[in-house]
Structures are given as C-alpha cells and as structure tokens.
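Asker: Turn this into a model:
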Amino acid sequence: MAHLESVAALLASLGDDVVVTGTALDGRRLNDWSGAPHATPRALLRPRSTAQLSEALRICHAHGQSVVPQGGLTGLAGGACCRAEDVAISLERMHAIEEIDPVSGTITVQAGAVLQAVQDAADRAGFLFALDLGARGSCTIGGNLATNAGGNRVIRYGTMRDQLLGIEAVLADGSVVSGLHKMVKNNTGYDLKHLLAGSEGTLGIITRAVLRLRPRPKAVATAWCGLPSFDAVTTLLQRAQAQLGGGVSAFEVMWPSYLNFVMANVAGLRAPLSGPHAFHVLLENAGSDAEHHQAAFDGFLEQMLTEGVIDDAAVAHSQADALALWAVRDAPGNFPTLMPGLIGFDVSFAIADIGRAAAECDTLLRERWPGCTALVYGHLGDGNLHLIAHLPGASEQPTHAIETAVYDLVRRYGGSVSAEHGIGTHKRAVLGHSRSPAELAAMRAIKQALDPKHILNPGKVL
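Answerer: As a prediction, the model looks like this:
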C-alpha cells in the first residue's frame, strides 16, 4: 500500500508530465545491455530539473519507495535494471551543455547529456573531451560518471574520475549536494565527487558535472601493428611511451582469436595486415606538432621493424584509414547478435601479468569446454582485458561454470573482477574476489550513512 501511495504522491506533486505509468510505458526499453533479470517498474520519472528530482526523491524517501537511476542503458552489469516494485528515474530531459569555459578549460553539463554530444561541443570550441568508448552515441555523462567509465584513451587521460572537477547530485532524502567547482586542486575534506563517481547510483543521483577539457591534438597518427610475441607487445608499449612525442593516446591489443573471428563474421571490415601474427596492436599517438608528427611516428615504427619488435605495420594516411582500423577494434558491438547468450568479462590485471593470465584463461576455456569460442582483446596500457566465451550450438550456455572459472583465475592473479561497467547485480557475488572484508564493511557503512532506507538502486553493488 505504501508503494501505491508513493506513486499517487509523485503524481500529485509532479504531474503526469514527469511521472509515467501504466500503458504509457509500453514499448519503451527499461533495461540495460546486460541481459540481467528485469521487470517493468511501477513508474518512470523524467524530471526536467534538479528541483524536480529533489522533490521526487523526497517523496520516495518518505514512502520507502525504491528508485533505479537510468542513463543510456548501455551498461553490462545489470546496474540499471528494475524490479516490478521499483520506480525508474531517467535524466534524459536534463541533457543541456550549460557552459564551456575556455580559460578554465572546463565544460559544465547536465547528467543526461549524451557523451558524443559533449565530445562534439568540445570539438567545436577547439578542445578535446577525452573520454571515448564504443557506446558514445547513446551513453550519458551521468552513466559514465556512475560507472567511472574508462574506454579507449585511459592510458593517456585516465578514467571518468580523472575528467571530473565538480559535481551536483541529489541524495536519497532529496537533499542536493552541489560542488560545481572548476579547480583541479581542491583539498577541502572528504571528496564527495569521487565518492559518487563509480557508486552506480547507490549513494546519490548525479545531476550536473564540471568536466575537464584538454587541448585538441593538432595531429593524430594511427597504425595497426603485427607482433611476434607478448613480450614484444609490452616492449612496444614501453618504447612508444618513452619515445613518441605527446605520448600514447591509445594502445589496443588483440589476440588472433579476436581478429580471426571479427574478420570472418563482421561485414564491411578490411583486414589491416596480410598474413597471421601472434598479436595485433592498434597504436594511436596524438601530438601538437602538426608539421613533423607523422614523420616522427613513421620513423618510430621503422625503428621497431628494424629491431624486430614488430613484424609488420599498416599506417593510416587519412582519417578514413584511421576509422577503418578503429572499426576492426570497435567490432564487439556486433557480438551479442553473432553470439546470443555470450559470456563477457571485463577484468583487469597488472600489465606484467596480462599475457600469462590471458593464455591460462584461453587454455582453461578450450580444454574444459571443447568447441568454445574464446576471444581476447583489451586496453593493454591500463591493464583492462576483455574476454568473450560462447559455446556454439549449446541449448544453454554454461554461464555460471565459466564465470566461476574465470573469476577464480582473476582472484588468483590479484586482479579486478570489474575494470569497467561496475558491479551492478551481475558481479555482486564476486566483489569479494577483489575487495577485502574490511573494504566491504567500509562500503556498507557509507551506504548506510547516505541511504539509511536503502532506496537508491537497491541490490546493486552490495
């Protein structure tokens, strides 16, 4: 009865412009990409302002009504999936890009802004917004912050936390915390912005953010490299970081299993190199010297060829060439269609351990599940590894057994069960593989302090 009263109270206060119920929810997607169990919530709230969201949470808190914040619904951990007794909250109407401050080098945006819109606004102003990932056209800044998204350029610019200077959020009881600061250095006690970033909507709902802008590179050089061994891969990373002017902006490594699969199954891709190679790396180098940048990059690759660090390389000579190379790396967007029910992993290891861990995992999957498709690729520079497992033709994928085996391997290597996308519901049972009992107790204490009624995204993370 309290839950029915909560929806009535929301409608009475905010009206049906904000509160969507019943058949008005038909046809709308209300779950993320994880495939986690979900149901149609009792209502969907679409506030137009922080004040409306504050009022909504005040009412939900008073009635003990659980709420599930939703962004672009591109997550893979179940963090945005609802139960039937929940109220969903979408900030899709709060998508304004409020200010670009060229002197401070900041952009202030509402949480519902789509990542690509923020990238484009920064580009028009002569800057770079550094975060980039394959879901850029639909994921939102609020979701990027809530999951501390990483993506393709973490090696140079860091994760979403590293782009964040100031934040505004609404807490469980409707109170608003606002610290929309533009300072890089702000050492004034507990850092609420970094506490909320990565909290997956369990501690508060982010509404606005001040984000860092970077100088837009004047030149970007891109190459696809074939390498003879994993030692050569790590050598190339170390040498590129030390010798390339401006530093490495992307270093994507792909095992042959990945490349062979995407070339055979994804239409429209062009093989970057002829012949097989033990490893493949997509190397990107951004710099400020437009006149000499490409020549220096080419000279570096020639040196790596001469020394035997790489066996072959295809250099992009135009933006179209670079996009064609990136298309091969961005092909995983096709995987859910090509491998229904696939079992995906987004884990991380110390860079020194990745080669051994990946080889051990590949062997484990193929020996224990003969015929298993096992694909390995990732952002080597930040230790992030993606693993895909799928048993073709199986009436039911052995999801639990494969997850148990892979996450046990991650625990043995002291890695992280989630490098990106967060914990949600999907990884909640294995959070203890990467966090100590004392850390988990501290997390629970923070949750209890900020959300004593446990109405914010209940059942997620903890």
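
Asker: for the stretch 201-350 of the chain, what spans make up the helices?
Answerer: 230-243, 256-265, 293-306, 319-329, 335-338 (DSSP state H, counting those that start in this stretch).

Asker: Going by length in residues, pull out the top helix of the chain.
Answerer: helix 351-368 (DSSP state H).

Asker: and it, how far out from the chain's middle?
Answerer: Here helix 351-368 is found 23 Å from its chain centre; the criterion is CA atoms, centre = their mean, to the nearest Å.

Asker: in the next helix or strand after it, what's buried?
Answerer: Downstream of helix 351-368, the next assigned helix or strand under DSSP states H and E is strand 373-379. Using 16 or more other CB atoms under 10 Å as the test for burial, strand 373-379 gives 373, 374, 375, 376, 377, 378, 379. All C-beta atoms are positioned from the backbone trio N, CA, C, and that covers glycine.

Asker: okay, the residues you listed in JSON lines with distance to residue 200 next?
Answerer: Shown next, in JSON lines, are these (distance: CB to CB, whole Å):
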{"residue": "373", "distance to residue 200": "30"}
{"residue": "374", "distance to residue 200": "28"}
{"residue": "375", "distance to residue 200": "26"}
{"residue": "376", "distance to residue 200": "26"}
{"residue": "377", "distance to residue 200": "25"}
{"residue": "378", "distance to residue 200": "22"}
{"residue": "379", "distance to residue 200": "21"}
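
Asker: Which residue in these has the weakest pLDDT?
Answerer: Ranked by pLDDT, these bottom out at residue 379, which has 83.

Asker: could you measure that one against residue 356, distance?
Answerer: Residue 379 is 18 Å from residue 356, where distance means CB to CB, to the nearest Å.

Asker: cool, and residue 296?
Answerer: Residue 296 is 33 Å from residue 356, where distance means CB to CB.

Asker: So for these two, which sits in the more crowded spot?
Answerer: Neighbours per residue (other CB atoms under 10 Å) separate residue 296 from residue 356, with residue 296 holding more: 17 against 12.

Asker: what pLDDT does that one get?
Answerer: pLDDT recorded at residue 296 is 94.

Asker: go on, residue 2?
Answerer: Residue-level pLDDT assigned to residue 2 equals 52.

Asker: same deal with the one 5 residues further on?
Answerer: Per-residue confidence for residue 7 comes out at a pLDDT of 95.

Asker: contacting residues for residue 411?
Answerer: If you count contacts by CB atoms under 8 Å, 6 or more residues apart in numbering, residue 411 has them with 417, 433, 434.

Asker: Please indicate which of the residues you listed are buried?
Answerer: For the contacts of residue 411, a burial check counting by 16+ other CB under 10 Å picks out 417, 433, 434.

Asker: so can I have JSON lines of these showing secondary structure and distance to residue 240?
Answerer: Output for the buried ones among the contacts of residue 411, formatted as JSON lines (DSSP: H, G, I helix; E, B strand; the rest coil; distance: CB to CB, whole Å):
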{"residue": "417", "secondary structure": "coil", "distance to residue 240": "29"}
{"residue": "433", "secondary structure": "helix", "distance to residue 240": "32"}
{"residue": "434", "secondary structure": "coil", "distance to residue 240": "29"}
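
Asker: Pull the number of nearby residues for residue 184.
Answerer: The tally of other residues near residue 184 (other CB under 10 Å) stands at 10.

Asker: Quick check: it vs residue 212, distance?
Answerer: The value you get for residue 184 to residue 212, if CB to CB is used, is 8 Å.

Asker: Common neighbours of those two, please.
Answerer: Common contact partners of residue 184 and residue 212 (CB under 8 Å, 6+ apart): residue 165.

Asker: Tell me the one of the contacts of residue 411 nearest residue 31?
Answerer: Nearest to residue 31 among those: residue 417, at 21.8 Å, using CB to CB.

Asker: what's that closest one sitting at in phi/psi?
Answerer: Main-chain torsions, residue 417, degrees, to the nearest 10: phi -80, psi -10.

Asker: Then residue 385?
Answerer: With angles defined as degrees, to the nearest 10, residue 385 sits at phi -120, psi 130.

Asker: contacting residues for the closest residue to it other than its chain neighbours?
Answerer: Nearest residue to residue 385, sequence neighbours excluded (CB to CB, 6 or more residues apart in numbering): residue 378, at 4.0 Å. Shown in contact with residue 378 (CB under 8 Å, 6+ apart): 252, 253, 354, 384, 385, 386.
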